[in-house]
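Engineer: one predicted model, sequence on top.
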Protein chains: 2
Amino acid sequence: MTNDFSFQNTTKVHFGRNALSKLAAETAPYGNKILLVYGGKSVKRIGLYDRVVEELKKADAEIFDYDLVKPNPRHTDINTGGKMCRENGIQVVIGIGGGSAIDSAKAIAALAVAVTDNCWDLVTAKKPITKALPVFAVPTMASTGSEMDASCVISNLETEQKTGYNGPAIRPKVTFDDPTNTFSVPPYQTACGAVDIMSHTMDTKYFSRDDKMDMLYRMMDQHLKTVVKWAPVAYTEPDNYEARSNLMWAAAWALNSFMTCGVRQLPSVHAMEHELSAVYDMVHGHGIAILTPRWMRYILNEETAPQLARMAYEVYDIPKDTPVYEAAEKTIECTEKLFFETLGLESSLSKMGIDDSRFEEMAKNACGERGVIMGYVPLTPEDVEKIYRMCL
Amino acid sequence: MTNDFSFQNTTKVHFGRNALSKLAAETAPYGNKILLVYGGKSVKRIGLYDRVVEELKKADAEIFDYDLVKPNPRHTDINTGGKMCRENGIQVVIGIGGGSAIDSAKAIAALAVAVTDNCWDLVTAKKPITKALPVFAVPTMASTGSEMDASCVISNLETEQKTGYNGPAIRPKVTFDDPTNTFSVPPYQTACGAVDIMSHTMDTKYFSRDDKMDMLYRMMDQHLKTVVKWAPVAYTEPDNYEARSNLMWAAAWALNSFMTCGVRQLPSVHAMEHELSAVYDMVHGHGIAILTPRWMRYILNEETAPQLARMAYEVYDIPKDTPVYEAAEKTIECTEKLFFETLGLESSLSKMGIDDSRFEEMAKNACGERGVIMGYVPLTPEDVEKIYRMCL
């Protein structure tokens, strides 16, 4: 029987080619001192930065720039952002970019009004964030779904930890989802984003011991199928609007709590991947891609085969008369083919210059204080180390 | 290409057997003078009324009763409710029951703080409702989805009109969805509710000329399939929790704007049915059931066949090698079989004592001031009258 659950997602979404035209009207009620949070040069190169500024000027905005966003946002950078907010009386924080930019915006918005000036204190406090400056999002990637969710992930390079905080106050008030803003995402990042989207459905909901409500399980099938269909199109035709819009909306709905209803969030692959990102600063989606099929192979047994087989039948269109165990193996093969051939991702850690020297320590960290990853199949440090080795 | 759209749904949902235990904590911040809006005797008979009162007493609530809810809520009753709110300083309005109870709660909540004391003025003003007392919902039926949406429908028996108002202020703050509260819904009402849920997806989104985003179209397939699968179970096993929970969640998601994204809401069958309810006070879902297959047959042609056929392939499991036109006809047959055999609904208007004496006038009213129903296939009064005759 489906577990009891609570659901709420308050984010307003403007979706489409004209989404950004609503920006000034949405931010104006909150104030005109605005911090733009972005990184790299791409938001300027594609003209998005100028469009955002032009829109905000309509509401007489005073604009401040935080351009320190990098993949796996650093806690020291967030601290700099918090200081900027306090010193300049910032009233609105807008994240422009991929998950790292939006996560940075959230982390800064919370820190700006916190009692501490070190965001790592908010991480270690492990309390829901109930106070923050209003956050807005202008996503340029279909990936983390950060634009509709209430959490952010931060990396501490000193302690090699990757974790974060969450709470209703940091959920974006409004997100402006224009699929054309993802046209310039390179194939490699498009692939990593697609893997991340699929993993948000697979890793915590689709593969879970909780009874799933039939309607939601069916929708998860179609969510995965949407990505399997459109990621290869976006990979080869970067300005295909239909592909980009399906991926963008799929990213948001993978992590906005809808499909999670009644299913506890107990990720396995994400827990193992966080170590790869934290130690090797690896691109999250790529780490997920390398780990996922190995994890599937490691946990495949008579008991888990039916759930893996469902993905073959419903997502990969494997004939329904294929025997269950064989179909489960097909799921692993199709996933490998999608990630490593169609989407061109390097399939092994060793080819990326990673050896086994830190696996034991990483496996221990991935299992945390409880000493076990309590996912679909519980994993001990020994299990995790074996899975890391399968990825070499 | 998918149309641009905006999406937001702020309602918090507590779902499951313990949903109601959160009631007092959710209403308390808004005040303790509470109007309970319900009708008939069933909410008392199943003990739900007592449970609600017991919960609210935990927050020292002062409770007032509006027990005038009937199917197709009357505007004169709503006016009585508005007066009760003003005279007693009501701070919170809770609708307990089916769509009529929740719609009444919304209508009353808006009227309570309006400049007029006649709710029909709000209907004719045709302005979004931006001010209302906070509304809460305790649904006892899987049907209208009113518990997560921002509109209400009211009937004016004097003018024989059935219409309503909508706006963010009347969207329920919180809904308490306990599937066990629908166990006592009789088979006939269960059937009517299931038809209504399906129609909310079919009538305005699934059958529409707008390009549908692939992911959402796929989810509509599964939404319909969920109802097709579980409605017959709930019909024969009223206390099947799995069936009732799938129907309850399907009802909410049919009308909470998610699947509508990018698709204009242009209902055909609902427009025709509103006349049946307004003139003959017919149960809405039953009217929809009688009209839907006739409407499908009337609009079936080479151009509409593929969309009708999709439903055969994806929802009714008709083999995908069935030719398109034949598959479209299968959709009509399967829909008739589901509504009139499996769910036992009377299939003709004449058997319900309705003759053609008012069809001409009803058809004209259904087409409204523009003289045409601008749905999937535009319908003139002549078309509508023919469809009504097909229902005899």
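Structural biologist: Happy to help now that I have it.

Engineer: contacts for the lengthiest strand in chain A, please.
Structural biologist: Counting residues, the longest strand found in chain A (DSSP state E) is strand A:5-15. Strand A:5-15 is touched from outside by A:20, A:22, A:26, A:147-148, A:168, A:171-178, A:245, A:248-249, A:252, A:256-258, A:260-262, B:4-16, B:22, B:261-262, with contacts defined as CB atoms under 8 Å, 6 or more residues apart in numbering or on different chains. Quick note: C-beta positions are derived from backbone N, CA and C, even for glycine.

Engineer: tell me what angle it forms with strand B:5-15.
Structural biologist: If you take axes from the mean of the first three to the mean of the last three CA atoms, to 10 degrees, strand A:5-15 sits at 180 degrees to strand B:5-15.

Engineer: now for the helix or strand that strand A:5-15 is followed by, which elements pack on it?
Structural biologist: Once strand A:5-15 ends, the next helix or strand along the chain (criterion: DSSP states H and E) is helix A:23-27. Packing partners of helix A:23-27 (3 or more CB pairs under 8 Å, 6 or more residues apart in numbering or on different chains; DSSP states H and E): helix A:48-57, strand A:135-139.

Engineer: could you pull up phi and psi at A:A231?
Structural biologist: Per-residue torsions, A:A231: phi -60, psi -50 (degrees, to the nearest 10).

Engineer: which non-adjacent residue is nearest it?
Structural biologist: Leaving out its chain neighbours, the residue that sits closest to A:A231 by CB to CB, 6 or more residues apart in numbering or on different chains is A:A194, at 3.5 Å.

Engineer: correct me if wrong: that neighbour contacts A:A142.
Structural biologist: Yes: between A:A194 and A:A142 there is a contact under CB atoms under 8 Å: 7.4 Å.

Engineer: and A:V37, what does it touch?
Structural biologist: A:66, A:69, A:81, A:93-97, A:101, A:104-105, A:108.

Engineer: next: A:L157.
Structural biologist: A:74, A:76.

Engineer: what about it, distance to chain B?
Structural biologist: 37 Å (CB to the nearest CB, to the nearest Å).

Engineer: what does A:V228 give?
Structural biologist: Going from A:V228 to chain B by CB to the nearest CB gives 11 Å.

Engineer: cool, A:V279 as well?
Structural biologist: Using CB to the nearest CB, we find A:V279 at a distance of 35 Å from chain B.

Engineer: go ahead and name everything in contact with the helix or strand harbouring that residue.
Structural biologist: According to DSSP H and E, A:V279 maps onto helix A:269-280. The contact list for helix A:269-280, computed with CB under 8 Å, 6+ apart, reads A:72, A:155, A:160-163, A:199, A:202-204, A:282-284, A:287-288, A:291-292, A:295, A:349, A:352, A:354, A:358, A:362-363, A:365-368, A:373, A:375, A:379, A:384, A:387-388.

Engineer: can you do 6 Å?
Structural biologist: Applying CB atoms under 6 Å, 6 or more residues apart in numbering or on different chains, the external contacts of helix A:269-280 come out as A:72, A:160, A:162, A:203, A:282, A:284, A:287-288, A:291-292, A:295, A:354, A:358, A:362, A:365-366, A:373, A:384.

Engineer: moving C-terminal from it, which element do we reach first?
Structural biologist: helix A:284-299.

Engineer: restrict that next one to CA atoms and write it as CSV.
Structural biologist: Extracted C-alpha coordinates of helix A:284-299, given in CSV (Å, rounded to 0.1, in the frame of the first residue of the first chain):
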residue,chain,number,x,y,z
HIS,A,284,27.9,14.9,-11.6
GLY,A,285,25.9,13.4,-14.5
HIS,A,286,29.0,11.7,-15.9
GLY,A,287,29.7,10.1,-12.6
ILE,A,288,26.1,8.9,-12.4
ALA,A,289,26.3,7.5,-16.0
ILE,A,290,29.4,5.4,-15.1
LEU,A,291,28.0,4.1,-11.9
THR,A,292,24.4,3.4,-12.8
PRO,A,293,24.7,0.3,-15.1
ARG,A,294,27.4,-1.2,-12.7
TRP,A,295,25.1,-0.6,-9.8
MET,A,296,22.3,-2.3,-11.7
ARG,A,297,24.5,-5.3,-12.5
TYR,A,298,25.7,-5.6,-8.9
ILE,A,299,22.2,-5.6,-7.4
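
Engineer: check which helices and strands the helix or strand that comes right after that helix sits against.
Structural biologist: Downstream of helix A:284-299, the next assigned helix or strand under DSSP H and E is helix A:305-314. When contacts are defined as 3 or more CB pairs under 6 Å, 6 or more residues apart in numbering or on different chains; DSSP states H and E, helix A:305-314 packs onto helix A:324-336.

Engineer: near chain B, which residues of chain A?
Structural biologist: For chain A, the contact set with chain B under CB under 6 Å from any CB of the partner chain comprises A:1-2, A:4-8, A:10, A:12-16, A:18, A:214-215, A:218-219, A:222, A:226, A:241, A:245-246, A:249-250.

Engineer: report the buried members of the contacts of strand A:5-15.
Structural biologist: Using 16 or more other CB atoms under 10 Å in any protein chain shown as the burial test, the contacts of strand A:5-15 include A:20, A:26, A:147-148, A:171-178, A:245, A:248-249, A:252, A:256-258, A:260-262, B:4-5, B:7-16, B:22, B:261-262 as buried.

Engineer: show me where the stretch 51-200 of chain A has its strands.
Structural biologist: Ranges of strands in the stretch 51-200 of chain A, per DSSP state E, counting those that start in this stretch, are A:62-66, A:92-97, A:135-139, A:151-156, A:161-166, A:174-177.

Engineer: between the fifth one and strand A:151-156, how many degrees?
Structural biologist: With the same axes, to 10 degrees defining the directions, strand A:161-166 sits at 150 degrees from strand A:151-156.

Engineer: and strand A:161-166, what other elements does it pack with?
Structural biologist: helix A:119-125, strand A:151-156, helix A:269-280.

Engineer: and the second one, by the same measure?
Structural biologist: The elements that strand A:92-97 packs onto, with contact taken as 3+ CB pairs under 6 Å, 6+ apart, are strand A:33-37, helix A:99-112, strand A:135-139.

Engineer: tell me the mean pLDDT over it?
Structural biologist: Averaging pLDDT along strand A:92-97 gives 98.

Engineer: partners of it in the sheet?
Structural biologist: Strand A:92-97 has the following sheet partners, assigned by DSSP bridges: strand A:33-37 (parallel), strand A:135-139 (parallel).

Engineer: for it, which positions count as buried?
Structural biologist: Quick answer for strand A:92-97 (16+ other CB under 10 Å): A:92-97.

Engineer: what do you get for the first one?
Structural biologist: Judged by neighbour count (16+ other CB under 10 Å), strand A:62-66 contains these buried residues: A:64, A:66.

Engineer: helix A:48-57 and that one, what's the angle between them?
Structural biologist: Using the same axes, to 10 degrees: strand A:62-66 against helix A:48-57 is 150 degrees.

Engineer: contacts made by strand A:62-66 with the rest, please.
Structural biologist: A:32-37, A:81, A:84, A:88.

Engineer: check the second one too.
Structural biologist: Here strand A:92-97 makes contact (CB under 6 Å, 6+ apart) with A:27, A:30-31, A:34-38, A:43, A:101-102, A:105, A:108-109, A:133-138, A:140.

Engineer: so how far is that strand off the chain centroid?
Structural biologist: 17 Å (CA atoms, centre = their mean, to the nearest Å).
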